[in-house]
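Engineer: Structure, please.
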Amino acid sequence: MQEKFTKWQIKKLSENKNVARCGLSSVQYAKSFKEKALKQYNEEGLSAIEIFEAAGFDLNIIGKRAPNRLMNQWNVFLRPKNKEIKNDEGKEKRTGRKKEINDLRDRITYLEAENDFLAKLRAKKRK
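Structural biologist: Next comes the predicted model:
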């Protein structure tokens with residue numbers, strides 16, 4: 001069996017406060033780190049790589065693709081089931097990047113409807 005991490009790498013990873021446990025072939029990250037990382041990723045818009053580097057991880061040890069892969073996994077398994085939160089007016093609002101994407105889609109739909117309306121108005125004027 002080939003080891004993924006050397007003894008030195010395991011020692012280095014284990015010294016990071018964001019690691020709960022490190023074995024020969026895997027790293028278990030602290031729950032507090034996962035929660036903080038998801039917040040930074042989904043709400044503050046930081047990239048997965050920025051988050052992991054700021055947390056003191058050496059991407060040459062854990063892998064350059066690991067941050068993105070892990071962030072996607074954590075989003076699936078750790079995000080709250082209820083992705084929508086009520087605001088002060090009682091209307092639902094979505095959080096993080098999904099909110100921004102949905103807001104942009106809503107704006108596109110509105111602008112397309114407005115363009116259709118104005119085109120019909122211009123067509124009536126011409127007749």
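Engineer: Give the buried residues for stretch 114-127.
Structural biologist: The neighbour-count check on stretch 114-127 (16 or more other Cβ atoms under 10 Å) flags nothing as buried. Where C-beta positions appear, they are placed from N, C-alpha and C, glycine not excepted.
Engineer: quick one: that stretch to chain centroid distance?
Structural biologist: 42 Å (Cα atoms, centre = their mean, to the nearest Å).
Engineer: what about the helices in the chain?
Structural biologist: Ranges of helices in the chain, per DSSP state H, are 7-14, 31-42, 48-54, 59-62, 66-78, 96-126.
Engineer: Next, format those helices as JSON lines and append distance to Cys22 and mean pLDDT.
Structural biologist: Shown next, in JSON lines, are those (distance: least, Cβ to Cβ, whole Å; pLDDT from 0 to 100):
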{"stretch": "helix 7-14", "distance to Cys22": "4", "mean pLDDT": "95"}
{"stretch": "helix 31-42", "distance to Cys22": "13", "mean pLDDT": "94"}
{"stretch": "helix 48-54", "distance to Cys22": "15", "mean pLDDT": "96"}
{"stretch": "helix 59-62", "distance to Cys22": "10", "mean pLDDT": "94"}
{"stretch": "helix 66-78", "distance to Cys22": "13", "mean pLDDT": "90"}
{"stretch": "helix 96-126", "distance to Cys22": "29", "mean pLDDT": "80"}
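Engineer: Identify the residues contacting Ala30.
Structural biologist: Residues near Ala30 by Cβ atoms under 8 Å, 6 or more residues apart in numbering: Lys17, Asn18, Val19, Ala20.
Engineer: Could you do Gln28 as well?
Structural biologist: Val19, Ala20, Arg21, Cys22.
Engineer: So which of these belong to strands?
Structural biologist: Applying DSSP state E to the contacts of Gln28, the entries found in strands are Val19, Ala20, Arg21, Cys22.
Engineer: State the number of residues packed around the residue nearest to Ala37 when sequence neighbours are not counted.
Structural biologist: Once flanking residues are discounted, Ala37 sits nearest to Ile51: 4.9 Å by Cβ to Cβ, 6 or more residues apart in numbering. Here the number of neighbours of Ile51 (other Cβ atoms under 10 Å) works out to 22.
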